[in-house]
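Trainee: Coordinates for the following, if possible.
(chains A and B)
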2 protein chains.
Amino acid sequence: MTWIIHDPLTHFIAQIAAITVTTRLIGLLLERVGQPFVIAEMIGGILLGPSLLGWLAPDVSHALFAPDSLGALKLVGQLGLVFFMFLIGLQLELSHQPKNRWTSIVIAQSGMVAPFLCGCALAYWMYPHYAAATTPRLAFILFIGTAMSVTAFPVLARILRERDMLGSRLGMIVIACAAIDDLSAWCLLAFVVAVARSSSLASAALTTGCALAFIVLVVGVVRPLLARWGQRQSGDSLTQNAIAFVIVLVLVSSWTTELIGIHALFGGFLLGVIFPRANGLATALARRFEDVIVIVFLPLFFAYSGLRTQIGLLGGGSDWAICALIIFAASAGKLGGCSIAARLTGSSWRDAGAIGVLMNTRGLMELVVLNIGYDLGIISPVVFSMMVLMALVTTLAAVPLLRLVQPRSH
Amino acid sequence: MTWIIHDPLTHFIAQIAAITVTTRLIGLLLERVGQPFVIAEMIGGILLGPSLLGWLAPDVSHALFAPDSLGALKLVGQLGLVFFMFLIGLQLELSHQPKNRWTSIVIAQSGMVAPFLCGCALAYWMYPHYAAATTPRLAFILFIGTAMSVTAFPVLARILRERDMLGSRLGMIVIACAAIDDLSAWCLLAFVVAVARSSSLASAALTTGCALAFIVLVVGVVRPLLARWGQRQSGDSLTQNAIAFVIVLVLVSSWTTELIGIHALFGGFLLGVIFPRANGLATALARRFEDVIVIVFLPLFFAYSGLRTQIGLLGGGSDWAICALIIFAASAGKLGGCSIAARLTGSSWRDAGAIGVLMNTRGLMELVVLNIGYDLGIISPVVFSMMVLMALVTTLAAVPLLRLVQPRSH
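Mentor: Down below sits the predicted model:
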């Protein structure tokens, strides 16, 4: 197999080609059974990693993804993620649907608090068994709690669009909830990362303070300036200089957040959220970025994440039991919390169930969160693999469960 | 300055941001004096390299572009180049303008042969003084000859478009000439690389044979299959799966050519040339790739090339005299050869002069060629820097000289 890695360039090209082909083929298969494409991105990397390819053909896997060849893959994947988060931020519409705003806020916050508490309780109990001795208890508990409360805004939006539910009352509530949850979860995660990365409480406070100052700067100063700049642009005739300007802003913003000690992706996301929507700018930018980012660069990030997922590490029944418990706690918190809150704010049980099911999708966002925890050493490879399975199961379950609770919606 | 390179990700982001900002700022300045943007891409990297930044602020330069941090930059830049060459291939229209076909072929071939011979003669004389002892004489001479005969198809197309000359007889002839020269130069270069990379004549013949077999395979088998596939696509509604398919084809093709022993960029270029033009496919693909590739990834390649250009290496008058001689030989061959051929095939002296001036632009293509020679160890850092200056001067000279010979065309 050494001939495929003749030099660094052929090696890099072979990696990208293998990842793109695997992801697309799985995506085509999944399309037939009505699952969203995002599952393919989640599974693709796992199959190329030690869980399947490394187990079936260790030589191929080792030659193609030799540890010392992953540096460029990781960097490019992270860069892709930064721009993907910028696109996610761009898609986030916090302003519309004033009618259901109150309902959405209540459901969204219940859907954050319930899984967070379930996660923390489970993590408290798991800590002595599954955390490394060097991992601080607080960081571990907070991280698992945060990771459980993630909702995948883009997956949810894609499912709703595929089932023609975006215009319905249900769809509008869920989209608003997911947007609020997304934003809350990233804020929470930024805080958890600050705590985990800091050696002392003082330095955690410093990181949090810097992050808050940066957010204030971006929202208070950059946003109005950008809005004025946006007035002079037109989405239909964006020059390459204008696009380059936006790209540099995203780079600087993500560089700053990475330097502050929260992750680079926050910078991309934040800039997307505050970016002016006037003159079709957001749509035009998304159209001119999306393909290359989504087709080539983002899959590299998730493949990198899949490469480090080792399902084989789950040995024996007790590990699998914990894994089932994690899936149960995550779903009970998110699906249960959201459904009950939706029922209490006036939805029918059927709609409340659908809201819960949709909010329970973790998708790629969960993988992003888990990779941060893994990189920081908060979660071990075993816990990482368990949580990846949880993300996979909750996302896979969405479409079948939705068909169950709302059989006639499509 | 170490704070900007807190971790590999911030380092990588800082490099990309620095390169993008420098290139765009220079581009804005050049726009005012009527120079095409491509000059900015050529100069940007040189200014960030040892020739300016490394000389003004060695600490900054060393921190930002530390040698061991350039691996990812180089890989990503090369990948960007592969896709850029695919786009260049897509833009190449060999079929139209049958009326001027004969004229174009004569001018184009004179514009290849004359500078090639001038380059070979000069290289024969330079060899004992400027080539490393380990460099084979034949490879050095052939390489300099080839490098002199390059024409920058994209720069030329951009200048013609900016001056509204694309539709004129002159414009049509020049575009056709440039396309033919481009294709011929790459074939020639592929052969020179095969010769230079091979330890023996037998292995050079093997590489050339493999390359020819690959071209036959792509043109004879892949092209008709792709044409059939293209019939079922529509440029307006290209799915992400279709785009992913094209990307994978480009990756596989470039991987193959790199493996064969000619450069990865040939694979990208070849696929672009044979890609179906039906149903607006080529335009649609270009539109959805171009921005990210041209704005972010391509400049990385040229910056990488600029980083290794050390104008400071040209010490003393004799080096500068050789440099001037290179510029003279390149221009005499290309500008002279094309002008005389154009005059002999019926153009006025004014038009013939304009054709010569336009064909004399070397642009980014020359840098691509030079980097290949540098990587293969055919040319030394001094010769590399001299040739970069030649590329810069011939490209910079195009617009002013064009104004001189055709004052009223704009």
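Trainee: With adjacent residues omitted, what lies nearest to residue A:208?
Mentor: Excluding the flanking residues, the one nearest residue A:208 by CB to CB, 6 or more residues apart in numbering or on different chains is residue A:194, at 4.9 Å. Every residue, glycine included, has its C-beta placed from N, CA and C.
Trainee: pretty sure the one you found is touching residue A:262, no?
Mentor: Yes - with contact defined as CB atoms under 8 Å, residue A:194 counts as touching residue A:262 (6.2 Å).
Trainee: okay, the two: which has more neighbours?
Mentor: The neighbour comparison of residue A:194 against residue A:262 (other CB atoms under 10 Å in any protein chain shown) goes to residue A:262, with 26 against 21.
Trainee: contacting residues for residue A:148?
Mentor: By CB atoms under 8 Å, 6 or more residues apart in numbering or on different chains, the contact list for residue A:148 reads A:115-116, A:118-119, A:122, A:329-330, A:333-334.
Trainee: tell me the contacts of the most centrally placed residue in chain A?
Mentor: Geometric centre of chain A, nearest residue: residue A:365, 1.0 Å, by CA atoms, centre = their mean. Residues near residue A:365 by CB under 8 Å, 6+ apart: A:150-155, A:182, A:185.
Trainee: Sticking with it, tell me its helix or strand.
Mentor: Assessed by DSSP states H and E, residue A:365 sits inside helix A:363-375.
Trainee: buried residues in that helix?
Mentor: Using 16 or more other CB atoms under 10 Å in any protein chain shown as the test for burial, helix A:363-375 gives A:363-374.
Trainee: Mind giving me the packing neighbours of the helix or strand hosting residue A:47?
Mentor: Secondary-structure assignment from DSSP H and E places residue A:47 in helix A:38-48. With contacts defined as 3 or more CB pairs under 8 Å, 6 or more residues apart in numbering or on different chains; DSSP states H and E, helix A:38-48 has these neighbours: helix A:8-32, helix A:153-162, helix A:298-307, helix A:363-375, helix A:381-405.
Trainee: Return the alpha-carbon coordinates of it using CSV.
Mentor: Extracted in CSV, the C-alpha atoms of helix A:38-48 (Å, rounded to 0.1, in the frame of the first residue of the first chain):
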residue,chain,number,x,y,z
VAL,A,38,-25.4,14.4,7.6
ILE,A,39,-25.5,10.8,9.0
ALA,A,40,-23.2,9.9,6.1
GLU,A,41,-20.7,12.5,7.3
MET,A,42,-20.9,11.1,10.8
ILE,A,43,-20.5,7.4,9.7
GLY,A,44,-18.0,7.9,6.9
GLY,A,45,-15.1,8.8,9.2
ILE,A,46,-16.0,6.0,11.7
LEU,A,47,-16.0,3.4,8.9
LEU,A,48,-12.6,4.7,7.6
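Trainee: Would you mind giving the orientation angle of that helix with respect to helix A:153-162?
Mentor: 130 degrees (axes from the mean of the first three to the mean of the last three CA atoms, to 10 degrees).
Trainee: List of residues touching stretch A:287-304?
Mentor: Against stretch A:287-304 from outside (CB under 8 Å, 6+ apart): A:15-16, A:19-20, A:22-23, A:41-42, A:44-45, A:48-49, A:70, A:73-74, A:76-81, A:83-84, A:86-87, A:238, A:243, A:364, A:367-368, A:371, B:240, B:243-244, B:247, B:288-289, B:291-293.
Trainee: Now a PyMOL select for only the buried ones of the residues you listed.
Mentor: Buried residues among the contacts of stretch A:287-304 (16+ other CB under 10 Å), as a PyMOL selection:
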select buried, (chain A and resi 15+16+19+20+22+23+41+42+44+45+48+49+70+73+74+76+77+78+79+80+81+83+84+86+87+238+243+364+367+368+371) or (chain B and resi 243+244+247+288+289+291+292+293)
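Trainee: what residues are up against the residue nearest to residue A:193 when sequence neighbours are not counted?
Mentor: Excluding the flanking residues, the one nearest residue A:193 by CB to CB, 6+ apart is residue A:262, at 5.2 Å. Residue A:262 makes contacts with A:189-190, A:193-194, A:207, A:211, as judged by CB under 8 Å, 6+ apart.
Trainee: what residues does the stretch 201-350 of chain A put near chain B?
Mentor: A:240-241, A:243-245, A:247-248, A:251-252, A:254-255, A:258-259, A:264, A:288-289, A:291-296 (CB under 8 Å from any CB of the partner chain).
Trainee: switch the cut-off to 10 Å
Mentor: Residues of the stretch 201-350 of chain A found near chain B (CB under 10 Å from any CB of the partner chain) are A:238, A:240-241, A:243-261, A:263-264, A:267, A:285, A:287-297, A:299.
Trainee: Please indicate which of these are buried?
Mentor: By neighbour count, with 16+ other CB under 10 Å, those hold A:238, A:243-261, A:263-264, A:267, A:285, A:288-297, A:299 as buried.
Trainee: so of the residues you listed, which ones are in helices?
Mentor: Among these, the members found in helices (DSSP state H) are A:243-260, A:264, A:267, A:285, A:288-292, A:299.
Trainee: still on that earlier bit, relative to residue A:265, how far out is the residue nearest to the centre of chain A?
Mentor: Distance, residue A:365 to residue A:265, by CB to CB, to the nearest Å: 10 Å.
Trainee: Then residue A:216?
Mentor: Look at residue A:216 and residue A:265: by CB to CB, they are 19 Å apart.
Trainee: which of the two has more neighbours?
Mentor: Remark: of residue A:216 and residue A:265, residue A:265 carries more neighbours, 27 against 10, as counted by other CB under 10 Å.
Trainee: What are the neighbouring residues in contact with the more buried one?
Mentor: When contacts are counted by CB atoms under 10 Å, 6 or more residues apart in numbering or on different chains, residue A:265 touches A:78, A:81-86, A:88-89, A:186, A:189-190, A:254, A:257-258, A:301, A:368-369, A:372.
Trainee: same question, residue A:106
Mentor: With CB under 10 Å, 6+ apart, residue A:106 has these contacts: A:177, A:338, A:341-342, A:344-345.
Trainee: Recalculate using a threshold of 7 Å.
Mentor: For residue A:106, the contacting residues are A:341, A:345, by CB atoms under 7 Å, 6 or more residues apart in numbering or on different chains.
Trainee: For the stretch 1-150 of chain A, what lies in contact range of chain B?
Mentor: The stretch 1-150 of chain A has residues A:6, A:8-10, A:12-14, A:16-17, A:20-21, A:24, A:71-72, A:75-76, A:78-79 near chain B, with proximity defined as CB under 7 Å from any CB of the partner chain.
Trainee: Show me how to select, in PyMOL, the buried members of the contacts of residue A:148.
Mentor: Per 16+ other CB under 10 Å, the buried members of the contacts of residue A:148 correspond to this PyMOL selection:
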select buried, chain A and resi 115+116+118+119+122+329+330+333+334
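Trainee: As JSON lines, the contacts of residue A:148 with secondary structure would be great.
Mentor: Shown next, in JSON lines, are these (DSSP: H, G, I helix; E, B strand; the rest coil):
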{"residue": "A:115", "secondary structure": "helix"}
{"residue": "A:116", "secondary structure": "helix"}
{"residue": "A:118", "secondary structure": "helix"}
{"residue": "A:119", "secondary structure": "helix"}
{"residue": "A:122", "secondary structure": "helix"}
{"residue": "A:329", "secondary structure": "helix"}
{"residue": "A:330", "secondary structure": "helix"}
{"residue": "A:333", "secondary structure": "helix"}
{"residue": "A:334", "secondary structure": "helix"}
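Trainee: Identify the farthest-apart pair in the contacts of residue A:148.
Mentor: For the contacts of residue A:148, the maximum inter-member distance is 13.2 Å, found between A:122 and A:334 (CB to CB).
Trainee: now the residue in the stretch 301-410 of chain A positioned nearest to chain B: how far from residue B:7?
Mentor: Nearest residue of the stretch 301-410 of chain A to chain B, counting by CB to the nearest CB: residue A:375, 10.1 Å away. Using CB to CB, residue A:375 is found at 10 Å from residue B:7.
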